[in-house]
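Colleague: what shape does this take:
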Amino acid sequence: MAQYDQTKWVGVKPTVKVAKTPADKVTVEDSTTEILAAEEDRTSFLLRNTGAVNVFVNFGSAATVNDLPLEPGDVLSCNDFTGAVNGIVVTGTGEIRLIEV
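Modeller: Next up, the predicted model:
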């Protein structure tokens, strides 16, 4: 009987990363506001609109009110994007809470 070689089926051990900025708060205004700076080492992030107005989000460029809307209470999770994330509101100010890993 042949011996089972388990080593060829074992992949790379996953690494555990700790959140770099747990629950940071960003106030988003009616001009493009940087929510997250570009970060080459980032593996994922989570954004939650904790404000009372829609926040429009753009990945990598200045945000406009035609971009992806996050309504109050919405959560956006993204993996493998290392570029800048920007936001904008139509009027007043919005609030984003974020966790970056």
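Colleague: where does this structure dip in pLDDT?
Modeller: Where the chain drops to pLDDT under 70, the residues are 1-22.
Colleague: please repeat the previous calculation with a cut-off of 80.
Modeller: 1-23 (pLDDT under 80).
Colleague: taking the centroid of it, which residue is nearest it?
Modeller: Nearest to the geometric centre of the chain sits residue 45, at 3.2 Å (Cα atoms, centre = their mean).
Colleague: quick one, phi/psi of it?
Modeller: phi -150, psi 160 (degrees, to the nearest 10).
Colleague: next, count neighbours for the closest residue to residue 92 other than its chain neighbours.
Modeller: Nearest-residue entry for residue 92: residue 53, 5.8 Å, with adjacent residues in sequence omitted and distances by Cβ to Cβ, 6 or more residues apart in numbering. All C-beta atoms are positioned from the backbone trio N, CA, C, and that covers glycine. Residue 53: 17 surrounding residues under other Cβ atoms under 10 Å.
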